[in-house]
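> Provided below for reference: sequence and predicted model.
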Amino acid sequence: MCTVIVRVPEPGSSAPVRLLAVRDEDPERPWNPLGEWWPDRAGLVGVQDRLAGGAWLAARGPRLAVLLNRAGHPEGVRPEELASRGGIVLASVDGVSPEGTPRTLGFNLVEVDGTEVAVTSWDGAGLRRQILRPGTHMLAHDDVDDETTARIAAWHGQFADARAEGDEWWGPWLRVLADSAELDPSDDRAIIRDNHAHGYPTMSLLACVAEVSAAGADVHYAQLDRPGAWNALSFR
């Protein structure tokens, strides 16, 4: 299951939103790295799911969206009738947030618009949306800052304390990520993960960092050398 850390600035501050997102997915499911893969959406960049054509993370102008899976199946929808969750990310950066009863499996959608950050959660029964208050937040497969999620309980405070500032502001957060990677990747507290022991074929594959403000989004991408195994990341 993916992990997102996001820092929301105080109102009136000149600081941007800063975000670190780690993607967990089946390494056999093909993807394209951060790039302009949608010719009908000029200026949109994202990490593309090549099978369904959607995105895990995408940005255009002052908008960025990234999607994390969570449990949930809409009642009465057969598996073959489910829609891909990647289309939700593309719609979000076009300014269309989820509403009603999505015909998808459960998700947490992080949406950044300038310096406002919202999380929309769908568990197959109800859709909830919350605006995040200023501060550092952490999200995985349950609720925002949910201390019953082992990795949030273990690492949220350290990400909050890290001074993510300067040109390569993500450096302090990567040091926390490196510390977390000393755990076995099957440990519930791990952020760099191998979920086979929990019955899922997903493993940590890549990470993105982003600064977002009213002026636009600056997104960088780095891929792990081996799925589920930590190495120092160099963002491009």
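Sure thing, it's come through. Numbers count the residues shown, from 1 in each chain.
> other SSEs contacting the top strand by length along the chain?
For the chain, the longest strand by residue count, based on DSSP state E, is strand 203-213. The helices and strands touching strand 203-213, judged by 3 or more CB pairs under 8 Å, 6 or more residues apart in numbering; DSSP states H and E, are strand 17-25, strand 31-35, strand 55-60, strand 63-69, strand 216-223. All C-beta atoms are positioned from the backbone trio N, CA, C, and that covers glycine.
> Could you provide those in JSON lines, with additional columns for mean neighbour count?
Below are those laid out as JSON lines (neighbours: other CB atoms under 10 Å):
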{"stretch": "strand 17-25", "mean neighbour count": "23"}
{"stretch": "strand 31-35", "mean neighbour count": "16"}
{"stretch": "strand 55-60", "mean neighbour count": "27"}
{"stretch": "strand 63-69", "mean neighbour count": "25"}
{"stretch": "strand 216-223", "mean neighbour count": "18"}
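> Now do the longest strand of the chain: distance to the chain's middle.
How far strand 203-213 lies from its chain's middle: 7 Å, per CA atoms, centre = their mean, to the nearest Å.
> now the angle from that strand to strand 31-35?
20 degrees (axes from the mean of the first three to the mean of the last three CA atoms, to 10 degrees).
> wait, which of the helices and strands packed on strand 203-213 is closest to residue 175?
strand 17-25 (11.7 Å; CB to CB).
> Direction included, what does that closest one pair up with?
Its sheet considered, strand 17-25 pairs with strand 3-8 (antiparallel), strand 203-213 (antiparallel) by DSSP bridges.
> pretty sure residue 173 belongs to a helix, no?
Yes - assessed by DSSP: H, G, I helix; E, B strand; the rest coil, residue 173 belongs to a helix.
> Relative to the centre of this structure, find the outermost residue for me.
Distance from the C-alpha centroid of the chain peaks at residue 76, with 28.1 Å (CA atoms, centre = their mean).
> need the strands paired with strand 17-25 in JSON lines with mean neighbour count and distance to residue 32, can you?
Shown next, in JSON lines, are the strands paired with strand 17-25 (neighbours: other CB atoms under 10 Å; distance: least, CB to CB, whole Å):
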{"stretch": "strand 3-8", "mean neighbour count": "24", "distance to residue 32": "20"}
{"stretch": "strand 203-213", "mean neighbour count": "23", "distance to residue 32": "11"}
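> what ranges do the helices span in the chain?
Applying DSSP state H to the chain gives helices spanning 86-93, 150-161, 171-180.
> and residue 4, which of the ones you listed is closest to it?
Nearest to residue 4, of these and by CB to CB, is helix 150-161 at 10.6 Å.
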